[in-house]
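Q: please work out how this folds:
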Amino acid sequence: MPDLRQTRKSIKTALAIMLGLDVLAVIVLFSPVVGSTQSRRQELNLLWAELQTKTRQVEPLKNLDKKVVLANKQINDFYKKRFPALDSQVFTTLGKLSSANGVTIEQVKQKPLDEVIGHVRPVELEADLSGNYVSLAKFINALERDDTFFLIRSITLGGEQKGPIKLQMKLETYLKGAV
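A: Below you'll find the model as predicted:
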């Protein structure tokens, strides 16, 4: 026969240990170290809000390796499409835009700059144009929308009582391949 006294003693010891753990848990639950249910809920809400904020902050960093590859492709496409390789391409573009919008180019001066920015070389242009107000406005709009990259630095309007309006523009563009 098994010894029931030994089993009873083991069960009493186990129950005493569990009772001691329960008392310890109740003390911890109501102690000021842990805080009240409301303070724990507030802390949980604050931590949840902080988690949400940090998640939103790192959201743009997801798939960063793919975004870098895409950005490099877009940069290469920009260089290929927007920057001509030769000076003649710049003048051809200006000629096409002026004839398409009814503007007369009286004179264009080119001033290549010696500095190289990245893989492009800046070129300053001064153009004297003439035409009516609407055609000059359309020309400027077409110039800004064209694939060739032009920066309009200044525009000076002039004219006479009768006849076409004179327009002087200072532009800047860039040529690629001048490394």
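Q: next one: stretch 9-26 to chain centre, how far?
A: Computed by C-alpha atoms, centre = their mean, to the nearest Å, the chain-centroid distance of stretch 9-26 equals 62 Å.
Q: start the count at 308 instead of 1 going forward.
A: Done: numbering now begins at 308, and the last item shifts to stretch 316-333.
Q: show the backbone phi and psi for Leu482.
A: Backbone geometry at Leu482, expressed as degrees, to the nearest 10, gives phi -110, psi 140.
Q: show me what it bridges to in the sheet.
A: Arg428 (DSSP bridges).
Q: that one reaches Ile424, doesn't it?
A: No - applying C-beta atoms under 8 Å as the test, Leu482 and Ile424 come out as separate, 10.9 Å apart. Backbone N, C-alpha and C define where each C-beta goes, glycine included.
Q: between these two, which is the more surrounded one?
A: Set Leu482 next to Ile424 and count neighbours by other C-beta atoms under 10 Å: Leu482 wins out with 19 against 10.
Q: and the more buried one, what does it touch?
A: By C-beta atoms under 8 Å, 6 or more residues apart in numbering, Leu482 lies in contact with Phe390, Pro391, Ala392, Leu393, Asp394, Val397, Val427, Arg428, Val430.
Q: any idea how far it lies from Ile382?
A: 17 Å (C-beta to C-beta, to the nearest Å).
Q: phi, psi of Val430?
A: phi -130, psi 130.
Q: count the neighbours of it for me.
A: Neighbours around Val430, by other C-beta under 10 Å: 18.
Q: where along this structure do the helices fall?
A: 311-337, 344-365, 371-389, 394-407, 440-452 (DSSP state H).
Q: contacting residues around the shortest one?
A: This means helix 440-452. 401, 404-405, 407-410, 436, 438, 457, 459, 462, 472, 474, 476, 478.
Q: again, only this time at 7 Å
A: If you take C-beta atoms under 7 Å, 6 or more residues apart in numbering as the criterion, helix 440-452 is touched by Leu404, Ser405, Ala407, Asn408, Gly409, Val410, Leu436, Phe457, Ile472, Leu474.
Q: and that helix, what's buried?
A: Neighbour counts over helix 440-452 (16 or more other C-beta atoms under 10 Å) mark Ser442, Leu443, Lys445, Phe446, Ile447, Ala449, Leu450 as buried.
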